[in-house]
Each structure stands twice: as C-alpha cells, then as structure tokens.
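Visitor: Show me the folded form of this:
(2 chains)
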Protein chains: 2
Amino acid sequence: MSNHIITPKTPTGTMELLPREQIVFQNMLDTIRQKFERYGFLPIETPVFEETNILLTKSGGDTEKQVYFVQSTGSRQQGHAPDLALRFDLTVPLARYVAEHQNELAFPFRRYQMQRVYRGERAQKGRFREFYQCDIDVIGRDNLSAAYDAEMPVVIADIFRDLKIGAFTINVSNRKILSGYMKDLQIDSEKWPLLLREIDKADKIGWDKVKENIQPLVGKVFDELLDFMQQDYTNEERIRYLEHGVFSFIGAQTREGLDEIKLLLKTATDMGAGDVIRFNPAITRGLDYYTGTVYETFLNDHKNFGSICSGGRYDNLASYYTKSKLPGVGISIGLTRLFEQMRHAGLVNNAPSTVKILITMMDETLSSDYRRIATELRKAGINTEIYLEQHKLDKQFKYADKAGIGFALVMGGDEKAKGVVALKNLQTREQTEIKQASLVTDIVKAIS
Amino acid sequence: MSNHIITPKTPTGTMELLPREQIVFQNMLDTIRQKFERYGFLPIETPVFEETNILLTKSGGDTEKQVYFVQSTGSRQQGHAPDLALRFDLTVPLARYVAEHQNELAFPFRRYQMQRVYRGERAQKGRFREFYQCDIDVIGRDNLSAAYDAEMPVVIADIFRDLKIGAFTINVSNRKILSGYMKDLQIDSEKWPLLLREIDKADKIGWDKVKENIQPLVGKVFDELLDFMQQDYTNEERIRYLEHGVFSFIGAQTREGLDEIKLLLKTATDMGAGDVIRFNPAITRGLDYYTGTVYETFLNDHKNFGSICSGGRYDNLASYYTKSKLPGVGISIGLTRLFEQMRHAGLVNNAPSTVKILITMMDETLSSDYRRIATELRKAGINTEIYLEQHKLDKQFKYADKAGIGFALVMGGDEKAKGVVALKNLQTREQTEIKQASLVTDIVKAIS
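Guide: Below you'll find the predicted structure:
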C-alpha cells in the first residue's frame, strides 16, 4: 500500500507517556489505591459517559460550556441532540451511583474511584482535557459524623508521604467558622459567598488586597482576624484566638466549626499526621457546594503547583436524583496535573523497566533452554523477557539498556556444557557466573 | 431544595458494578496485569479519544457506523464537525502511538494496555457500548520472529489458569496454511477471503453447511481436508496429515505456516501450556488484517460465550501513520464481556470486602484508642476501617455483614481495663479475646 501518511498526533490537552514514565505513573496510582484500601475505602468505577440529563442537572453555567458531548454516527445522521456526555468530575457520577444503588449499599458508604475525567477546555499549557482524579468519599444516610471529616487528611498524609513528592501541608478549615461570624455579625447573607471567595484568594492576591476588596462589603470588621491569620501561629494558638481573642462573642455555628476542627486535629495527632496539618481559616474553597470542613494541599517547595488535593464536607450529595438525604465528605487528588507539574519541574525520573531480566538469544539452537529458564524465573515471580531475535549480543544489550532492564542472562553452548549461565548487571556492566543448579535462587538474590 | 427528581440511571450498554462485584473484577484486572508484566510486557495508556482523521482512517464501513463522536459545547455552538472520537479498539491507538513515538521506543516493542473501548452499538443484550480490552502486542521494526507469535498463547494460558474460570482451549492456526493451499491449487485470489470466512463459520453453522457454501467457489477440493479437521485428532496428527496426507504437494507458504505452528506448539510444551493449545485450521478470524498466526479461546464448558480471547499476526501495524514497516502480533482479552457472561451463568460470587477488619465504636470516649489501634493495624498492612458513628453494636455488625467485612474488633471500658479486645469472626460468629499487648500479631494471625 502506498498510502498518504496521516501525521500521528496525540490529541491536544491529554497526557500520554512513554513506558518508563507510565511505570512511574502507574506506581503512583498503585500506591494511592493501596492506601485507599488500607483505610477502608471500596472501589467503584462508573462509565466514562452519563446521560446528558443526569450530567447537566447540577451545574449549568461554566461547567456546561466545558462538557464534551458524545454521539454515535447513527444518532448524528438522524439529527438527534446528543444524549450522552463525558463525566467532568467523579462527584456527579458518584451522586447518580449512590442514588441508583442506595438499597444495595452499606452506609456509611466509603468509596474510592480513580478514573479519568473530561473538560472541553480551550487548549492551554497546564490545562488538561483529560485527567485522572483519585477520589475518596464517605456518604452517610441522613447523618454523617464529623469524625469522618477528621480521618480524610490522615489518609492523604499517608499517601503523599509514600509518594515521596517532598514536604507538603494539608490546609484545613471549616466554613461554619467564618459563616458563623458573618451570621452573628449580621452581615447580609447574600454577601457571604463573595466574602468567602475574596478570602480564598489571599494566597494569590495577598492579604492587603483582600482587605481592600472586602471593605465595601463589610467594612473593617474582619481586618484584625485577617491580620492574625497571616501570622505564623500554631494550630492551637489559632484556635485559642478564635475561641477567645477575636470577637467578644462566639456563636453556635462558629462553635460547631471549631469543635469539628479540634476533632480533626486530635484525630490527625492520634494517627501520626498532626505535623502536616495546618488549620488555615483562609481556605474556604470557591464552591458553595461545601458546607463544613474544607481541605487544600500544597507542596511546601512548589506552592506554585496550586492545591494538589482538595475537598470538603457537603450537606447532600444527590438531591437531584433522590429524596434521600445523603451528607458526605470527600477529597480528591488531581494526579495527572500533579504528575505533569512534577515532570516539568524535573522531579520525575524514568522508572526502571517492569522487566527485571532479559534472557538473551545467544544461540538459537538453545531456544528450548531459554524458554525453560524463563518459565522457572516467571514461576518464581520474576518479570522475565526473552529476546527472540537472532541479533548480535551487543544489539540485545542496547535494547535492554534503552528499555531500562537491569540484568541480562547469557548462555551459549560453552556455558551450557559447563552447567553455568552468565548474569550481566547492565548498570555496572559487571558479569557474574551462576550455576544452573541454583539458577533461580541466585538470580532472585542478585536482582533484589 | 425541592427539586424535580431525575431518575438515576446507568447509561445503557455499560457495565456498572456494586463494590463487592467490582472487587472481583478488579482482582481479575490485577491478575492479568501481573501476568502481562511477568512475561515482559510494558504498560501504556492512551487517551480515550483520538482525532477523527486518525481514528477513521483504517476501517470505514461498519466500524465508522459504530463510532462515538466527541464534541465540546463550544465546538457544537460554532457549528464545527466533531474532531474527536472515542477509540473503538486498542489497536488503532497503538498504531498511532508507535508511529508517533517510534524513535523513543525500544524494538521489539512489547506493550500491554488495559483500557475501555467504545462502540456506538444499538442497545441489545450482551452488546456493550463500553467495555474493557486487555491487550498485549509485540511490534517489530522491519521484521519480527515467529517466536513472538509462539509465546502469546503461553501468557494467555497462564492468565486463564490463574483466573480460575474453568477449563479452556486456545485454538491456534496460521492463515498461511490455507492461503498456501489456495495459491498452489490456483484458486482465484479474490475468492480467498470468502472461502476463509466460510470456514471460520464452521463452529456456528456446521461443517456440512460450510462444504455446501464453498462448493460454488472451489468445488470439492477441500472436502477431504474439512472432513479431517472436524475429527478429534491430536495436534501432531493434524500436522502430519497436512504435511503428508491431504494433497500430493506442499507449497512454500503452507510449509512456512506449518513451521510456525510447530514452533508455537513446541514453545507451549516447553513452557507448560501444551495441554490447552489446539491446532485448529478452521480458525481463520474474519479480518483480512491477520496474515499468519491466529488465536481464538473458548471455555470448554461454555462454548456459547464465544471466543474470550483472540488475536493474531499482522504484517504492518501503522501504514497509515508512518512509512516504517512495523509487523506485529497481538492478542486481546474481552474482559467486560467475559465477566458479564460469567455473572449471568452464576459463575461470579461476591468478593469479601477489601476491608479486613472493622473497629467498632462501642464507646465514643475511647475514640483515641480506636484510632491508635487502627493506625497500628494499617501500618502492619491490614485494611482497617473504623466505624465512626455511635450506633448500636448490632447495627454496626449488620453494616459489616452487608459490606462483606470478615472481622470486627470490639473494645469497651471493661476490655480496656483488662488490657484485652474482643475479635469477632463475622462468618462463624465466634468471638475470641486478644491481649492488647500482642494485638497486631494476633490479629494478623487470626484473619489470614
């Protein structure tokens, strides 16, 4: 065939990796999954698309502009409107899932979900149209104790420690604290979201600018609080200040928010994660969706990455799909974005291959021997590849190097006659002789 | 909010699982992945969509009718045609991937890929619009030894044994055998695909019908061969017959096909998979795409499931995207379909929960103790959940039962004072007392 060649091109706004990068990424996914399960979360997966009437209920506005619609050729030809769309987060599918299957689920329902989500964003550096989210949520029926909110950052701390991505801080707050103050200060409730949104910008625009922006809304009533917040106090000092220092009163809602934060800090301390948690009332999350605890996580040395893991408490997960009241708390790691940022910052090294040893093809007449050796090694749990082309040994070593394989096994007629094989460490170029009689044991020892 | 409720509904033609089914499915995916890696295949993932000009090059016709197009709100509003579509298999993305990244890959390139694919099929029982494929392929540059074809069924045999899905048979053949005969019998090459397609139907329509259908094309020249094929001969007898018994000649192409099959059978025997491989020349695969070895796998006790794992050798993977010649061989497990068929046949049991032990909340004032115990157990690698609501113990046990958790730990003030905890086996309802001093060791022992 002499075709016209179509230039092969990964779609814009997606992350596609070479195998040795994919292995790094896969290791991260595996670590996250293992920890999610370690803390008692159960796996679910939902379809990549949802029916449009389900997906587009919730958000309208901005999100709707970013939705990817899905439509089969047949449906297009018949002039129908698309009835499917790609999920833009894992929360709407979770809401639909829990509402649909609620009678078959055990509550509190603790689920994890690690799948890709889709946003029809304009192409732009750092903006992904397809990216992984790794979510955990706990959903209660009618009620859900704040103790569940308290455990979330412990899970995240354990994961980020294991991922070895450097020092990090999980910022926590509780929206009840500031809303409580606003309520008790009799600030018009229409102004609350604006106010919270301004305070949330502090890290980006600075505290002075925040004060300036909120003055037209509420005057200077929060200035002292904001001044305090930007100081480097301990979590305990902050709580003490909020309980006794800032205003002459403390209302029921603020009290509740503070108690929930105290439980969270106590839990983190009990569970060995106290040192990475920072109580930071400036964290409010943009979304009105959240009603209590909120989380945002930053790398201490790479604050410019933005929050790498966020979430919070919500009153009712699935009011669009069921009359059951389903309060919940969840947190989400945006893994694709984190990985890509780390890669750009030079923090990701190629992984060694998943293949531990390459059995070279030195002499084709010994193929049956190579196959038997490979079978033994595989049975012993060693990822083993046989090079099956009669190429020069040097070419085979080069292949192993490029693929990131650490060891090569060489056996020609002489070695076979002597009852040995040669094991070559491809990093040190060292070669050792191994007896065939103890082949598996010796190789397991050498490569681990 | 008093919303109008939208009935929550999983999209038609997708498989969505409850957690305890998802765990079974996930275990299968894990087994497959582990074995793929064990045999030296490397992971890749590609985006769920490809640009339409890339995706729709290859096939036209039927496939194009089943494609799901993807389009953002913005693109729709501007009246553009969709420029993205969901992948309908993993082969086209692999072709694009290898063509695009060929200078960065080590050849022979051995990749595995386990992702979902999409077909805009009409809704129908057993037809999926979204389903997992688990693929391995080896891609050569310019050449690829038939020894790679030979290793494929060994990987598959190892996987299906581990999955414990019952007895299975991997049917193998080589299209060169029949094409060689057809060539040497000077049958018009336009008739070859028709002929192969008819023979491929033998399992469905019976051999007599096949003979009847091919008579107008080629007369009775193949009748003796077809009669032989349906008999229960061993692989060796079949080869001997084809080499010496059926025609008075044996051409170069047939010879090549037979030699490749012999290498495959020898390899399978060397690697302990000889007993599940059946040389069956009636297997031709419908697709013209395949040029040599072909594979189809059936469950012996559930032939009606159809082939659960198929594939073959192809001459050139990516002729649409590159001038490089990239011969390859691949095989694919259709896991969603297999799982769903097994489920309908009653062959899938709910898995126990991934959570091994539930720490019950007997006394809220002991929360810190529960948290410390959970932390210790998790550090020891035990998936542990704490029930964080102050509910009656009985309700907590019921929750654990429904979730499939095997053990519950109970500690009230009395137990704490005595330095013990109670460990309840939720299946046997047996309760044992464990000393707090040896808690982790004793629990690890009890639950494993």
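Visitor: Grab the most central residue of chain A for me.
Guide: A:Ile333 (2.8 Å; CA atoms, centre = their mean).
Visitor: ok, that residue - contacts?
Guide: A:Ile32, A:Gln133, A:Cys134, A:Asp135, A:Ile156, A:Ile159, A:Ile308, A:Cys309 (CB atoms under 8 Å, 6 or more residues apart in numbering or on different chains). Heads up, the C-betas are built off the backbone N, CA and C, glycines and all.
Visitor: isn't there a strand covering the fourth one?
Guide: In this case it means A:Asp135. Yes: counting by DSSP: H, G, I helix; E, B strand; the rest coil, A:Asp135 is part of a strand.
Visitor: That one is in contact with A:Val117, isn't it?
Guide: No: counting by CB atoms under 8 Å, A:Val117 is not a contact partner of A:Asp135; they are 9.6 Å apart.
Visitor: if I look at those two, which residues touch both of them?
Guide: A:Leu90.
Visitor: Next one: A:Asp227 relative to A:Ala282, how far apart?
Guide: 12 Å (CB to CB, to the nearest Å).
Visitor: Compare those two (neighbour count), which wins?
Guide: A:Ala282 (20 against 11; other CB atoms under 10 Å in any protein chain shown).
Visitor: quick one: which helix or strand includes A:Gln427?
Guide: Assigned by DSSP states H and E, A:Gln427 falls within no helix or strand.
Visitor: Could you check how many residues crowd around A:Glu190?
Guide: There are 8 residues near A:Glu190, going by other CB under 10 Å.
Visitor: helix, strand or coil for it?
Guide: For A:Glu190, the assignment made with three-state DSSP gives helix.
Visitor: Please enumerate the strands of the stretch 301-448 of chain A.
Guide: For the stretch 301-448 of chain A, the strands defined by DSSP state E, counting those that start in this stretch occupy A:309-314, A:328-333, A:357-359, A:384-386, A:407-410, A:420-425, A:431-435.
Visitor: who does the second one pair up with?
Guide: Here strand A:328-333 has these sheet partners by DSSP bridges: strand A:130-139 (antiparallel), strand A:309-314 (antiparallel).
Visitor: what's the answer for the last one, then?
Guide: Here strand A:431-435 is paired, per DSSP bridges, with strand A:420-425 (antiparallel).
Visitor: Kindly report the same for the fifth one.
Guide: Partner strands for strand A:407-410, per DSSP bridges, with pairing direction: strand A:357-359 (parallel), strand A:420-425 (antiparallel).
Visitor: Adding mean neighbour count as columns, could you present the ones you listed in JSON lines?
Guide: JSON lines is the format used below for the strands paired with strand A:407-410 (neighbours: other CB atoms under 10 Å in any protein chain shown):
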{"stretch": "strand A:357-359", "mean neighbour count": "26"}
{"stretch": "strand A:420-425", "mean neighbour count": "19"}
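Visitor: With distance to B:Ile447 and mean pLDDT added, can I get those strands in TSV?
Guide: Listed next are those as TSV, based on distance: least, CB to CB, whole Å; pLDDT from 0 to 100:
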stretch	distance to B:Ile447	mean pLDDT
strand A:357-359	35	98
strand A:420-425	39	97
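Visitor: Name the helix or strand for A:Gln34, please.
Guide: Per DSSP H and E: helix A:19-38 holds A:Gln34.
Visitor: Mind checking if that helix is in reach of chain B?
Guide: Yes: Helix A:19-38 lies within reach of chain B by CB under 8 Å from any CB of the partner chain, at A:Pro19, A:Gln22, A:Ile23, A:Gln26, A:Glu37, A:Arg38.
Visitor: Between the two ends of stretch A:314-331, what distance do you get?
Guide: End-to-end span of stretch A:314-331 (CA to CA, to the nearest Å): 11 Å.
Visitor: Distance from the chain centre to it, please.
Guide: Remark: stretch A:314-331 is offset 22 Å from the chain centroid, using CA atoms, centre = their mean, to the nearest Å.
Visitor: So which of the residues of helix A:19-38 next to chain B is surrounded by the most neighbours?
Guide: A:Pro19 (26 neighbours).
Visitor: Okay, and the beta partners of whichever residue of the stretch 301-448 of chain A sits closest to chain B?
Guide: Residue nearest to chain B within the stretch 301-448 of chain A: A:Glu385 (2.9 Å; CB to the nearest CB). Counting by DSSP bridges, A:Glu385 is bridged to A:Leu358.
Visitor: Next up, the contacts around it.
Guide: A:Glu385 touches A:Val355, A:Ile357, A:Leu358, A:Ile359, A:Ala374, A:Ile405, B:Tyr39, B:Gly40, B:Arg110, counting by CB under 8 Å, 6+ apart.
Visitor: possible to save those as CSV with distance to A:Phe339?
Guide: CSV is the format used below for the contacts of A:Glu385 (distance: CB to CB, whole Å):
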residue, distance to A:Phe339
A:Val355, 22
A:Ile357, 28
A:Leu358, 28
A:Ile359, 33
A:Ala374, 33
A:Ile405, 23
B:Tyr39, 27
B:Gly40, 25
B:Arg110, 24
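Visitor: For A:Leu439, the count of nearby residues, please.
Guide: When neighbours are counted by other CB under 10 Å, A:Leu439 comes out with 20.
Visitor: and it, how far is that from A:Gly419?
Guide: 10 Å.
Visitor: can you check A:Gln115 too?
Guide: Relative to A:Gly419, and taking CB to CB, A:Gln115 is found at 52 Å.
Visitor: Counting neighbours, go ahead and name the busier of those two.
Guide: Neighbour totals were compared for A:Gln115 and A:Gly419, and A:Gln115 leads with 17 against 10 (other CB under 10 Å).
Visitor: and that one, which of the three is it?
Guide: Classified using three-state DSSP, A:Gln115 is strand.
Visitor: so A:Asn350 makes contact with A:Val24?
Guide: Yes: taking contacts as CB under 8 Å, A:Asn350 lies within contact range of A:Val24: 7.2 Å.
Visitor: What residue spans form the domains of chain A?
Guide: A:10-166+A:301-351, A:174-276, A:357-447 (automatic domain parsing).
Visitor: Of those, which stretch is the most buried?
Guide: domain A:10-166+A:301-351 (a mean of 20; mean count of other CB atoms under 10 Å in any protein chain shown).
Visitor: pLDDT on that one, on average?
Guide: If you average the pLDDT over domain A:10-166+A:301-351, you get 94.
Visitor: Distance from it to the middle of the chain?
Guide: Counting by CA atoms, centre = their mean, domain A:10-166+A:301-351 comes out at 8 Å from the chain centroid.
Visitor: End to end on it, go ahead and measure it.
Guide: With CA to CA as the measure, what separates the two termini of domain A:10-166+A:301-351 is 22 Å.
Visitor: Find the residue closest to the closest residue to chain B within the stretch 101-250 of chain A in space, skipping its chain neighbours.
Guide: Residue nearest to chain B within the stretch 101-250 of chain A (CB to the nearest CB): A:Gly120, separated by 2.8 Å. Nearest non-adjacent residue to A:Gly120, counting by CB to CB, 6 or more residues apart in numbering or on different chains: B:Ser72, 2.8 Å away.
Visitor: Let me see the contact set for the one you found.
Guide: A:Gln66, A:Val67, A:Tyr68, A:Phe69, A:Gly120.
Visitor: For it, list each beta-bridge partner.
Guide: A:Tyr68.
Visitor: show me the contacts for A:Ile373.
Guide: A:Ile359, A:Leu409, A:Met411, A:Val421, A:Leu439 are the contacts of A:Ile373 under CB under 8 Å, 6+ apart.
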